[in-house]
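Enquirer: Next input, structure requested:
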Amino acid sequence: MKILVFSDIHGNTMRMTDAIRIHLEHGGVDRVFFLGDGLTDANAVMKKFPNIPFDAVSGNCDEFFLSYSDREFLEKEALVTVGGLRFLLIHGHNHFVKTQRQFAANYAIQKKADVLLYGHTHQAEDITIDGDQGGCVRMINPGACDSHYNASYAVLTIENKQLVCGFGQAK
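Expert: Modelled structure (predicted):
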């Protein structure tokens, strides 16, 4: 199973579209996760790929582009089980990922997530953090698909409940 993870596209739909098309041409895509900041744009991209399951959460910039009444419908997090693993999707701004990743790790462990997927920092990374009260969680940030320098996304492959994470360069 292959999952593409995007965050922070900030209007740059072409990079996300091209990445999905490339993976469809070379082995396929089973699912796409979007971690906020460009939610309206990501939804527009995914309409081009109606056969790919799509899960998304909103970021700190998304609420500025919606009317006040629509903001209440934004999902700030999602817990999704795929390939036998529980993924917690957040943008990260409400969980202090720029300054206190431990807070986000503890939250994900409390939610019984195997993997925390987050954005907001625009920095791609794949780390494991121990919880303050026990347990640990793998934390993956796909980076920013909008970034003019090192634009990236994550490529997750799951086989027999084993997760392999790689990063693609969005061009």
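Enquirer: contacts, neighbours, all on C-alpha from now
Expert: Noted.
Enquirer: which stretches of this protein have low pLDDT?
Expert: Low-confidence segments of the chain (pLDDT under 70): 64-73, 148-149.
Enquirer: Just want the most central residue of it.
Expert: By C-alpha atoms, centre = their mean, the chain has its centre lying nearest to L35, at 3.8 Å.
Enquirer: give the contact list for the nearest residue to Q123 once chain neighbours are set aside.
Expert: Counting by C-alpha to C-alpha, 6 or more residues apart in numbering, Q123 lies nearest to G143, which is 4.4 Å off, once chain neighbours are set aside. Contact analysis of G143 by C-alpha atoms under 8 Å, 6 or more residues apart in numbering lists 6-8, 119, 121-125, 151-154.
Enquirer: rerun at 7 Å
Expert: Taking C-alpha atoms under 7 Å, 6 or more residues apart in numbering, we find G143 in contact with S7, G119, H122, Q123, A124, S152, Y153.
Enquirer: distance of the residue lying closest to D30 once chain neighbours are set aside from M14?
Expert: Leaving aside its sequence neighbours, D30 sits nearest to K2 (C-alpha to C-alpha, 6+ apart; 5.3 Å). Taking C-alpha to C-alpha, to the nearest Å as the measure, K2 falls 20 Å from M14.
Enquirer: isn't the residue nearest to the centre of the chain right up against L89?
Expert: Yes. If you go by C-alpha atoms under 7 Å, L35 and L89 touch, sitting 6.5 Å apart.
Enquirer: Mind listing the shared neighbours of those two?
Expert: V57, Y118.
Enquirer: Alright, calling it a day.
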